[in-house]
Every structure is written in structure tokens, then in C-alpha cells.
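# Structure here, sequence nowhere to be found:
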């Protein structure tokens, strides 16, 4: 699958909650590999929530991707506080996606 230019909404699951009970991050991008790499780097282009997690030593993993989703879907998920309900790590009965073709590209670039 061509990742660059393919819009998606993604869900990140933190290893443990930070800032109260927050354990998830929902984002939108048109280049998932670059965006995940940016989040992993912890630089200023990364989400503040994930920079905070990195500074606290809290790890995270990509939990879910909705391909060809638009920013309105991201906003809807955030508005409904749906992250935990939509997270396959928190809800093992949900479909488990395989990200082996994305994460190695992020880690090796």
C-alpha cells in the first residue's frame, strides 16, 4: 500500500496513563510513516501529549489506523471520547491490525 498521500486517522496507545487517566492519542495525517517517525523523535513537530509521554519515559505503540479517513472523523472520535472504546489493546476482542510493514520503516529511517 502506498502510505504517503493516503489520509488516515490513527490511534496511539500509551503503556501507562499520563496527565490523569489519559492513555490514548488520536491523530490525522496524510503520511503515516513520517508522522509516526515525528512522534517517535519527540521534536517540536510532534504532538505535545506524546512529547510529554516521551519526557516521562512512557512508551507507546500504534494501535489502530482508519485508512482514507478524513479530519472530520478524527474530530468526531475526539469529541465522543472514543479512544479507549476503539483501542484493540484495551479491547482485545476488536480486530488486531498488523503494523509490521509500518513500524520498521519508522524505526529504520
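Noted; the coordinates are in hand. Quick caveat: nothing in here was measured; it's all calculated off a predicted structure.

# ok, residue 4 - how many residues close by?
By the criterion of other C-beta atoms under 10 Å, residue 4 has 10 neighbours. The C-beta positions use only the backbone N, C-alpha and C, and glycine is treated the same way.

# quick one: it from residue 99, how far?
16 Å (C-beta to C-beta, to the nearest Å).

# Show me the strands in this structure, by range?
Assigned by DSSP state E, the strands in the chain fall at 8-18, 22-29, 60-67.

# and of these, who's closest to residue 42?
Residue 42 lies closest, by C-beta to C-beta, to one member of those: strand 60-67, at 11.1 Å.

# Give me the contacts around the closest one.
If you take C-beta atoms under 8 Å, 6 or more residues apart in numbering as the criterion, strand 60-67 is touched by 1, 6, 8-15, 24-25, 32, 36, 50, 53, 73, 86-89, 94, 97, 99, 102-103.

# tell me which residues in that strand are buried?
Within strand 60-67, the residues that qualify as buried are 60, 62, 63, 64, 65, 66, counting by 16 or more other C-beta atoms under 10 Å.

# same question, stretch 24-35
Applying 16+ other C-beta under 10 Å to stretch 24-35 flags 24, 25, 26, 27, 28, 29, 32, 33, 34, 35 as buried.

# mind checking how far residue 48 is from residue 68?
27 Å.

# Please read the previous query as pertaining to residue 74.
To residue 68, residue 74 is 13 Å away according to C-beta to C-beta.
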